[in-house]
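could you work out the structure for the sequence below:
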Amino acid sequence: MGGGDLSALSGLYPLTMGLAMLAVLALGWGGVTVLRRGDRQRGVLMLVCALVILANVLIWTV
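Model prediction:
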């Protein structure tokens, strides 16, 4: 994998996107759960993190 050869990494792209989407789902679910339990700051931070990762996935796929 020297220079600009990205063919070796092309197989990791779908895996990376899948893991990122799983992280979005986990953070979203966890954020809502934490918000329901009363810890507003942590819940909002988890939801913001989920939105940032989702935005990155959307940017990478377009």
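
which strands or helices does the longest helix anywhere in the chain pack on?
Assignment by DSSP state H gives helix 12-37 as the longest helix of the chain. Contacts defined by 3 or more CB pairs under 8 Å, 6 or more residues apart in numbering; DSSP states H and E place helix 12-37 against helix 40-61. All C-beta spots, glycine's among them, are computed from the backbone N, C-alpha and C.

just checking, what packs against the helix it packs on?
Using 3+ CB pairs under 8 Å, 6+ apart: helix 40-61 touches helix 12-37.

what angle separates the helix it packs on from helix 40-61?
Orientation check (axes from the mean of the first three to the mean of the last three CA atoms, to 10 degrees): helix 12-37 against helix 40-61 gives 160 degrees.

how far does helix 12-37 sit from the chain's center?
6 Å (CA atoms, centre = their mean, to the nearest Å).

mind checking the pLDDT average for it?
Averaged across helix 12-37, pLDDT comes to 95.

for Ala23, grab the count of nearby residues.
Neighbour count for Ala23, taken as other CB atoms under 10 Å: 15.

go ahead and confirm it touches Leu51.
No - assessed by CB atoms under 8 Å, Ala23 is found out of contact with Leu51, at 11.7 Å.

now the longest helix of the chain: buried residues?
Val24, Leu27, Gly28, Gly30, Gly31, Val34, Leu35 (16 or more other CB atoms under 10 Å).

tell me the one of those nearest Leu12?
Among the buried residues of helix 12-37, Val24 lies closest to Leu12 (CB to CB), at 18.3 Å.

what's near enough to touch the closest one?
Ala50, Ile53, Leu54, Val57 (CB atoms under 8 Å, 6 or more residues apart in numbering).
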